[in-house]
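**Q** Please find the sequence and the predicted model below.
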Amino acid sequence: MQQIGLFFATDTGTTETIAQRIQHHHFSPDTLALHPFDESDAALIDSHRALIFGTPTVGYGDYPYALERFLDQLDAVDFNDRPVALFGLGDQLGYPDVFVDALGMFHAELAARGARLIGYWPTEGYDYEASKADLGDGQFCGLVLDEDNQPGLTEARLARWIEQIRPALSAA
């Protein structure tokens with residue numbers, strides 16, 4: 001089994017595309033395995049030594065359906081001090097008052113279960129009114145991508161974030 005598991009929810013396919021970019025451009029299929037939440041369970045998460053979770057925010061600040069259905073599985077996961085990195089997608093202009101809220105809500109779920117969260121990301125460069133992912137100290141609780149309004153920044157943000165989280169993921 002691959003060392004790193006990247007689990008994701010997707011609504012329009014964009015989060016899956018980002019997950020594939022992470023795997024193919026920054027790791028490899030031998031190192032990082034992709035798993036949609038709707039095809040995963042706690043045992044599959046437990047089979048990886050390091051984790052990345054990705055989610056979009058859908059509707060008006062909600063989880064995607066696959067992630068919402070998966071949340072109960074988290075109670076059976078032994079996070080055992082494994083590094084966990086998060087990324088989220090949102091639309092800062094269309095939904096400025098709930099920007100990447102699903103990311104923030106998921107971060108809270110994982111923190112409550114003792115996950116060792118890594119990969120916080122600066123809020124600088126985004127224009128939004130409110131976000132549950134904003135930790136209030138100039139950082140988001142994970143990488144934030146806006147493919148609707150800032151797609152030209154995605155690759156540089158991904159590269160910088162992967163560079164930041166790679167040592168912890170590789171050491172696991």
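**A** Received the coordinates, thanks.
**Q** switch to C-alpha atoms for all contacts and neighbour counts from now on
**A** OK.
**Q** Now do the strands in the chain.
**A** Remark: strands assigned in the chain by DSSP state E are 4-8, 32-36, 50-56, 83-89, 116-118, 121-122, 139-140, 143-145.
**Q** Count the residues that sit near Gly61.
**A** When counting by other C-alpha atoms under 10 Å, one arrives at 22 neighbours for Gly61.
**Q** hmm, back to that, right, so of the strands of the chain, which gets closest to Gln20?
**A** Closest to Gln20 of these, according to C-alpha to C-alpha: strand 32-36, at 7.6 Å.
**Q** Parallel or antiparallel, list what pairs with the closest one.
**A** Here strand 32-36 is paired, per DSSP bridges, with strand 4-8 (parallel).
**Q** what residues does the strand it pairs with touch?
**A** For strand 4-8, contacts defined as C-alpha atoms under 8 Å, 6 or more residues apart in numbering pick out 15-16, 19, 31-37, 45, 48-55, 67, 169.
**Q** from the middle of its chain, how far away would the lengthiest helix in the chain be?
**A** The residue-count maximum for a helix in the chain (DSSP state H) belongs to helix 154-171. Mean-position distance between helix 154-171 and its chain equals 12 Å (C-alpha atoms, centre = their mean, to the nearest Å).
**Q** In it, which residues are buried?
**A** 158, 161-162, 165, 169 (16 or more other C-alpha atoms under 10 Å).
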